[in-house]
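# here is a sequence with its predicted model. Questions after.
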Amino acid sequence: MVLVKAGGILLMPFYWKALTPEDFGVFAIFQIVTQFLVIVFDWGISGAVQRCYHEWGRDAADFIGASYLIHVFFNLIPILILYCYSDYISALLFGNDFPIEFFKAGVVNTYFSLLSNVPQSLYRSMEQSKKFTLLSAMQFVLSSTLALISLYGFKLGLKGYVYSYLFANIIFSLYYVFDIGRIAKITFKKIYYVTILTYAIPTVPAAILDGMGGIFDRLFLEKYVSSGTLGLYSIARQIAGAYNLLLVSLKTAWLPAIYKIVSTGNNGKEVLEKMTSKYVYVVAIFAAAVAYLAADAILLVGEPKYYGVAKFVPIIILGYFVQGVGHVTGRGLDLAKKTQYYWIMYFFGVSIGIVSIYYLAPKYGAWGAGAAYFISVLVREIIQFLLSNYFYPRKIELLKFFAFVPFFAMGYFLTAVVNTPYVLADLIIKMVILGSLSAIFGVYIFGPNIFKELKKIFLSRVKL
């Protein structure tokens, strides 16, 4: 998944040549529509599949079938209603100047995206990471190929770019329907639907608030800045999104394992206690890499009209980093099955974020939106940490946990003073600084024998 996102970033210069910042502003709205509606019409089902799969036992096929039927058939009516009233809703939310066809495309994309939610959650729970990664990579290759052909072969501009992603999503969603049909059992027994929805429905308000937490900055920023500035900010979110995808990949890799340990009666607290500081180390290294090196990378390969992207990346990365830390420190409500309290952290996070953006965006534009996003995430993760440790208490090595603060501070200071006449030289020097600090930080977190252990692992791999 990380390689897929990296591939998307490598293709960005080609998209930049064919599209304008204003086009990316419109594309951002298309993405916002899809992201928010998918969260709403998921009904918490995909989360229920991931959390409860190992507890279903012999009835797993029936539960999976019931889950998927909710997405395939029950969502048709509300999606069709939204599509029929797209003209009115689009004008109400984004004004009469926004192209309605892209709002409609976002609604259609929502339905087909929902068809992939349960299968992807199932792959995670069944620990089929290779299959999940392969399908994601194949969809990326198809959508990117279609986008490049439409942009450079047929000169279709933004319309070709949007519909390339929509078409690829439709194709792979149909595969997911076929694949899940081989695993699931069609059932209409009430008990399966009641059991799933009993767990899932209480998480919906929190999921909607969580969805708002991920898009409110762009949604409200659209009211204060031009579509070009919104486009630049959205590209910065996309670049930072490569880091966020790393976080999601790490979470995808170990979260099902934690659920499995807890569901089989073993103590997951010891696992969480041991991995917290190590997890923070890994996500801190990559956060620093993107934040400190993005500006030089953009100057090296980008178009002049997109140089403004760089100034928004660090503040967005900081928000993603705090969110990534929450993936490990915030485990507890789900493990204790206290998901009904999720809404508290999301409510306060989104509320404070919206208040912040109303204050900051008019004064500081897109940078103010990034700051509001960071504040929102910080509030949310602090509350999640407190609630999680109340219902599922465990120890945290606080000194190691907060070691990332001087790491970030030193990295920011040292890379900020690098300024040679050559962009490539700046990039190399900053990479050396980052690598040195990472090594020092790693010794503190893992101990002085870390390099010997890495050497052993490397040599064993080479021999193989």
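Sure, I can see it.
# distance of V355 from S376?
Distance of V355 to S376, given as CB to CB, to the nearest Å: 9 Å. Heads up, the C-betas are built off the backbone N, CA and C, glycines and all.
# who has more neighbours out of the two?
S376 (29 against 13; other CB atoms under 10 Å).
# verify the contact between that one and F216 for me.
Yes: using CB atoms under 8 Å, S376 makes contact with F216 at a distance of 7.3 Å.
# overlap of the contact sets of the two?
Contact criterion CB atoms under 8 Å, 6 or more residues apart in numbering; residues shared by S376 and F216: V350, G353.
# list the contacts of the residue nearest to S86 when sequence neighbours are not counted.
Setting aside the residues directly before and after it, S86 is nearest to K104 in space (CB to CB, 6 or more residues apart in numbering), at 4.7 Å. Neighbour list for K104: Y83, S86, S90 [criterion: CB under 8 Å, 6+ apart].
# count of residues packed around V322?
21.
# quick check: mean pLDDT across the helix or strand hosting it?
Using DSSP states H and E, V322 sits in helix 313-329. Averaged across helix 313-329, the pLDDT comes to 87.
# what are the contacting residues of that helix?
So helix 313-329 is contacted by 236-237, 239-240, 243-244, 247, 250-251, 255, 272, 275-276, 279-280, 283-284, 287, 290-292, 294-295, 367, 370-371, 373-374, 376-378, 380-381, 384-385, 388, 396, 401 (CB under 8 Å, 6+ apart).
# buried among the residues you listed? Need that as a selection in PyMOL.
Here is the PyMOL command that selects the buried residues among the contacts of helix 313-329 (16 or more other CB atoms under 10 Å):
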select buried, resi 236+237+239+240+243+244+247+250+251+255+272+276+279+280+283+284+287+290+291+292+294+295+367+370+371+373+374+376+377+378+380+381+384+385+388+396+401
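# can you tell me which of the contacts of helix 313-329 are in helices?
If you go by DSSP state H, the contacts of helix 313-329 have 236-237, 239-240, 243-244, 247, 250-251, 255, 272, 275-276, 279-280, 283-284, 287, 290-292, 294-295, 367, 370-371, 373-374, 376-378, 380-381, 384-385, 388, 401 in helices.
# tell me how many other residues crowd A416.
A416, neighbours per other CB under 10 Å, totals 10.
# need the per-residue pLDDT for it.
So, for A416, pLDDT stands at 83.
# how far away is it from Y346?
In terms of CB to CB, A416 sits 34 Å off from Y346.
# ok, V377 next?
With CB to CB as the criterion, V377 and Y346 are 11 Å apart.
# identify the contacts common to those two.
By CB under 8 Å, 6+ apart, the residues touching both V377 and Y346 are G213.
# got the phi and psi for the closest residue in space to S125 that isn't next to it in sequence?
Spatial nearest neighbour of S125, chain neighbours left out: Y53 (3.9 Å); criterion: CB to CB, 6+ apart. Torsion angles at Y53 (phi, psi; degrees, to the nearest 10) stand at phi -50, psi -50.
# so which strand or helix has K223?
With DSSP H and E as the test, K223 turns up in no helix or strand.
# over to V225?
Here V225 is assigned to no helix or strand, by DSSP H and E.
# ok, the residue lying closest to G44 once chain neighbours are set aside to D59 distance?
In space, and not counting its chain neighbours, G44 is closest to A200: 3.3 Å by CB to CB, 6+ apart. A200 sits 16 Å away from D59, going by CB to CB.
# higher neighbour count, those two?
Ranked by neighbour count (other CB under 10 Å), A200 and D59 place A200 first, with 23 against 16.
# hmm, Q50 and the more buried one touching each other?
No: using CB under 8 Å, A200 is not in contact with Q50, being 10.9 Å away.
# share the number of residues neighbouring L434, please.
20.
# likewise L10?
By other CB under 10 Å, neighbour count at L10 equals 11.
# any idea how far it is from A18?
Relative to A18, and taking CB to CB, L10 is found at 15 Å.
# re the thing from before, got a quick PyMOL command for the buried subset of the contacts of K104?
To isolate the buried subset of the contacts of K104 in PyMOL, counting by 16+ other CB under 10 Å, use the following:
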select buried, resi 86+90
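# any idea which of the contacts of K104 is closest to A207?
Y83 (22.1 Å; CB to CB).
# which ones are touching that closest one?
With CB under 8 Å, 6+ apart, Y83 has these contacts: K104, V107, V108.
# thought K189 was touching D62?
Yes: using CB under 8 Å, K189 is in contact with D62, at 7.1 Å.
# which one's more surrounded, the two?
Taking other CB under 10 Å, K189 and D62 do not tie; D62 has more neighbours (18 against 11).
# any idea which element the more buried one lies in?
helix 60-69.
# list the buried residues for that helix?
A60, D62, F63, I64, G65, A66, S67, Y68, L69.
# so which elements touch that helix?
Packed against helix 60-69 by the contact rule (3 or more CB pairs under 8 Å, 6 or more residues apart in numbering; DSSP states H and E) you find helix 45-56, helix 100-125, helix 190-200.
# which one of those lies nearest to D426?
Per CB to CB, nearest to D426 of the helices and strands packed on helix 60-69: helix 100-125, 38.2 Å.
# okay, buried residues for whatever helix or strand comes next after the closest one please.
Using DSSP H and E, the helix or strand that follows helix 100-125 towards the C-terminus is helix 129-148. Within helix 129-148, the residues scored as buried using 16+ other CB under 10 Å are F132, T133, L135, S136, Q139, F140, L142, S143, S144, L146, A147, L148.
# next one: helix 129-148 to chain centre, how far?
Helix 129-148 has its C-alpha centroid displaced from the chain centroid by 17 Å (CA atoms, centre = their mean, to the nearest Å).
# angle of the following helix or strand past that helix against helix 60-69?
Using DSSP H and E, the helix or strand that follows helix 129-148 in sequence is helix 157-181. Angle between the axes of helix 157-181 and helix 60-69 is 150 degrees (criterion: axes from the mean of the first three to the mean of the last three CA atoms, to 10 degrees).
# what does helix 157-181 contact?
So helix 157-181 is contacted by 15, 18-19, 23, 26-27, 30, 64, 68, 72, 101-102, 105, 108-109, 112-113, 115-116, 118-120, 122, 135, 138-139, 142-143, 146-147, 149-151, 154, 156 (CB under 8 Å, 6+ apart).
# and stretch 433-448, by the same measure?
277-278, 281, 284-285, 288-289, 292-293, 400, 403-404, 407, 410-411, 414-415, 418, 450-451, 453.
# 6 Å instead, please
Stretch 433-448 is contacted from outside by S277, Y281, I285, A288, A289, K400, A403, F407, G411, L414, T415, I450, using CB atoms under 6 Å, 6 or more residues apart in numbering.
# top of those residues by neighbour count?
That'd be A288 among these, by other CB under 10 Å, with 27 neighbours.
# got the contact list for that one?
Counted by CB under 6 Å, 6+ apart, A288 has contacts G411, L434.
# how about CSV for the buried residues of helix 129-148, with distance to K311 and pLDDT added?
Below are the buried residues of helix 129-148 laid out as CSV (distance: CB to CB, whole Å; pLDDT from 0 to 100):
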residue, distance to K311, pLDDT
F132, 35, 80
T133, 33, 80
L135, 36, 88
S136, 30, 85
Q139, 32, 90
F140, 28, 90
L142, 33, 95
S143, 29, 94
S144, 27, 94
L146, 32, 96
A147, 27, 95
L148, 28, 95
